[in-house]
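> The following comprises the amino acid sequence and a computationally predicted model.
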Amino acid sequence: MAYKTRVLFVCVANAARSQLAEALLRHTDSERFEAFSAGTEPGEVDPRTLAALEHLGVNTEGLRSKSIDEFAGERFEYVITLCDKSSLECQALPGAGEVLAWNFEDPVTSTQPDAFRHTLHEIHERIKMFVLVKTKR
């Protein structure tokens, strides 16, 4: 089996954005990427996160809110933060190859009516681009 590129998505609560990103990367290219997500202050996965993914036909099995501490000592080629606060807290993550900072509005606190679907779409577009760029040989 070929080695998969390990990617860890991080936001603060691990309730929405990083969960969306983890599920979308798996959905987009699980052949070449292994996706994980964690929070610097994990809570619960927001049910609207799961609903938005299911609406798109993305598998949500196994998604749960995890602390970044669960991944202590693990190696990741990419650690991708999804908000400014987590990007500040993740600079010192040992075992991170390249740290990328993507900033998406938090759909949990958004006033937009379709915030979750909107954020899902934005993250999906970014992930498709990430996969395209990182898998060019």
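Nice, I can see it.
> After the worst-scoring helix or strand of the chain on mean pLDDT, which helix or strand is next?
Least confident element among the helices and strands of the chain, by mean pLDDT, DSSP states H and E: helix 84-89 (a mean of 68). Sequence order places strand 96-101 as the next helix or strand after helix 84-89, per DSSP states H and E.
> so where's this structure uncertain?
Scanning the chain with the threshold set as pLDDT under 70 gives 1-2, 86-92, 94, 137.
> all strands of it, in order?
Per DSSP state E, the chain carries strands over the ranges 5-11, 33-39, 76-81, 96-101.
> wait, isn't residue 50 in contact with residue 63?
Yes: if you go by Cβ atoms under 8 Å, residue 50 and residue 63 touch, sitting 6.9 Å apart. C-beta coordinates here come from the backbone N, C-alpha and C atoms, glycine included.
> mind listing what residue 17 touches?
By Cβ atoms under 8 Å, 6 or more residues apart in numbering, the contact list for residue 17 reads 9, 11, 82-83, 104, 106-107, 119, 123.
> Skipping adjacent residues, who's closest to it in space?
Spatial nearest neighbour of residue 17, excluding adjacent residues (Cβ to Cβ, 6 or more residues apart in numbering): residue 82 at 4.0 Å.
> distance of residue 108 from residue 126?
19 Å (Cβ to Cβ, to the nearest Å).
> cool, residue 69 as well?
Residue 69 sits 26 Å away from residue 126, going by Cβ to Cβ.
> one step back: for residue 13, see how far away the residue nearest to residue 17 is.
11 Å.
> Tell me which of these two has more neighbours.
residue 82 (28 against 21; other Cβ atoms under 10 Å).
> Test my guess that the more buried one contacts residue 19.
No: counting by Cβ under 8 Å, residue 82 stays clear of residue 19, with 9.8 Å between them.
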